[in-house]
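Fold the following for me, if possible:
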Amino acid sequence: GLWMWSSPIPCHNQDGSEYSLILLDTEGIDAYDQTGQYSTQIFSLAVLLSSLFVYNQMGGIDEAALDRLSLVTEMTKHIRARSNEEATAGELGKCSPSFLWLLRDFYLDL
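Below you'll find the predicted structure:
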């Protein structure tokens, strides 16, 4: 599902203008009890509502992680292509959220 923080958090830009921060959380793309279509719909809604998309991953970067990231990229292309067929990539990029890949529970052996 999609969870939203109970109330907006008032914030200020560097130029002093105000905005409201709303936190959304979604279940993972590979939810074991959901269909691929359901995951795609939840992901699409989250991307369309977001200005920053945090891709939260447990562990390090491996082949499976790259496959999941590829799935995220393909879903994003689908959203962009369907939103406006005549828009240029630059115009669509302005509407897309920034992307942050968060690796948690990860450590390096040096």
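
how about the helices in this structure?
36-49, 63-83, 89-95 (DSSP state H).

Leu102: what's it in contact with?
54-57 (CB atoms under 8 Å, 6 or more residues apart in numbering). Yep, even glycine has a C-beta here, placed from its N, CA and C like the rest.

actually Gln34, sorry about that
The contact partners of Gln34, taken as CB under 8 Å, 6+ apart, are Glu27.

Now it. Its backbone dihedrals?
In terms of degrees, to the nearest 10, the main-chain angles of Gln34 are phi -130, psi 160.

ok, it to Ile9 distance?
Separation of Gln34 from Ile9 (CB to CB, to the nearest Å): 29 Å.

for this structure, what are the low-confidence residue spans?
Low-confidence segments of the chain, defined by pLDDT under 70, are located at 29-32, 36, 75-95, 108-110.

what sits against Asp33?
The contact partners of Asp33, by CB under 8 Å, 6+ apart, come to none.

partners of Leu24 in the sheet?
The residues paired with Leu24 through beta bridges, assigned by DSSP bridges, are Met4.

I'd say Glu27 and Gln41 touch.
No. Glu27 lies out of contact with Gln41 (CB atoms under 8 Å); the separation is 11.6 Å.
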